[in-house]
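# everything below, folded, please.
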Amino acid sequence: GKKSLRQKVVDELKHYYDGFHLLWIDTKVAARMVWRLLHGQVLTRRERRRLLRTCADLFRLVPFLVFVIVPFMEFLLPVFLKLFPEMLPSTFETESKKEEKQKKKLNAKLELAKFLRETIAEMAKRNKADSG
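Numbers count the residues shown, from 1 in each chain. Model (predicted):
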């Protein structure tokens, strides 16, 4: 069914609360990783990627907080997200946005594979013609 305005607002507030909570957890984990790095330990590939993602999220948080703090500026957030889709920290992404991003990546990979396959076929034809 259709949600009431109150339910929509409550859902949005829960979404932002969960996003900030996840970002806080990621920040604590990243701080431990930095501590380990400073003491000479080596991070795994997964830990390094998580640390980089968390640092990027913290840098993205600054412009995002402007929208949260300044009154009535949250109404402009959809416009800025349309112009700058990567502005939102990763912990604030919805499942539909994640799926959409994965579909775009998959389509790009398929196009690249198609291009490479055509290029290899063309090279094979040239080599066959040259040797024949």
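# which neighbouring elements make contact with the helix or strand hosting Asp57?
Using DSSP states H and E, Asp57 sits in helix 45-69. Packing partners of helix 45-69 (3 or more Cβ pairs under 8 Å, 6 or more residues apart in numbering; DSSP states H and E): helix 5-38. (C-beta placed from N, C-alpha, C; glycine too.)
# the helix it packs on vs helix 45-69, what angle?
Interaxial angle of helix 5-38 relative to helix 45-69 (axes from the mean of the first three to the mean of the last three Cα atoms, to 10 degrees): 140 degrees.
# which helices and strands sit right next to helix 5-38?
Against helix 5-38 (3+ Cβ pairs under 8 Å, 6+ apart) you get helix 45-69.
# quick check: which ranges of this protein have low pLDDT?
Residue ranges of the chain with pLDDT under 70: 132.
# who are the contact partners of the residue nearest the centre of the chain?
Residue closest to the average C-alpha location in the chain (Cα atoms, centre = their mean): Ser90, at 4.8 Å. By Cβ atoms under 8 Å, 6 or more residues apart in numbering, the contact set of Ser90 is Arg53, Ala56, Asp57.
# quick one: what helix or strand has Lys2 in it?
Per DSSP H and E: Lys2 is located in neither a helix nor a strand.
# meant to ask about Lys104
Short version, using DSSP H and E: Lys104 is in helix 95-131.
# please pick the buried ones from the contacts of Ser90.
Asp57 (16 or more other Cβ atoms under 10 Å).
# out of the contacts of Ser90, which one sits closest to Lys109?
Arg53 (20.3 Å; Cβ to Cβ).
# any idea how far the closest one is from Val10?
Counting by Cβ to Cβ, to the nearest Å, the gap between Arg53 and Val10 amounts to 29 Å.
# next one: Glu111
41 Å.
# columns distance to Glu74 on top of the contacts of Ser90, output as TSV?
Shown next, in TSV, are the contacts of Ser90 (distance: Cβ to Cβ, whole Å):
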residue	distance to Glu74
Arg53	24
Ala56	22
Asp57	19
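# check contacts around Pro85.
By Cβ under 8 Å, 6+ apart, Pro85 has no neighbours at all.
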